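*Asks:* structure, please.
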Amino acid sequence: MAFTRDQMPRAGKLDDMYYAGGYCGHGIAMATYLGEQIARRIAGEPHDPAAHPLFDDRFAAIPLYAGNPWFLPAVGAYYQVKDWLQ
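*Replies:* Numbers count the residues shown, from 1 in each chain. This next block holds a predicted model:
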């Protein structure tokens, strides 16, 4: 599963690559819809940002994150302790 910070899926274009993701556990229907919308955009159909609010070519990065998931060991340890206590 892929989650975004605001738990809303995203689709758009980054550099020369189109993407869709961040379905937050609801991927089947949303992936089908956004996949179709991305295909239309690739085919050159005009894009109205107001009509498709999930298309967001720019969204905020995660604070203090630059591509190296330094925080994952701490998160894993937290959940191990939490499982151990239950």
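*Asks:* show me what contacts the residue minimising distance to the centre of the chain?
*Replies:* With distances taken as Cα atoms, centre = their mean, the chain has residue 22 as the residue nearest its mean C-alpha position (2.7 Å). With Cβ atoms under 8 Å, 6 or more residues apart in numbering as the criterion, the residues that contact residue 22 are 2-4, 8-10. Every residue, glycine included, has its C-beta placed from N, CA and C.
*Asks:* could I have the buried ones of those residues as PyMOL selection syntax?
*Replies:* To isolate the buried subset of the contacts of residue 22 in PyMOL, counting by 16 or more other Cβ atoms under 10 Å, use the following:
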select buried, resi 4+9+10
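*Asks:* can you redo the contacts of residue 22 as a markdown table with pLDDT?
*Replies:* As requested, the contacts of residue 22 are exported to a markdown table (pLDDT from 0 to 100):
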| residue | pLDDT |
| --- | --- |
| 2 | 73 |
| 3 | 78 |
| 4 | 79 |
| 8 | 82 |
| 9 | 86 |
| 10 | 85 |
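*Asks:* got TSV for the contacts of residue 22, with distance to residue 38 and secondary structure too?
*Replies:* Conversion of those to TSV gives the following (distance: Cβ to Cβ, whole Å; DSSP: H, G, I helix; E, B strand; the rest coil):
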residue	distance to residue 38	secondary structure
2	16	coil
3	20	coil
4	16	coil
8	16	coil
9	12	coil
10	11	strand
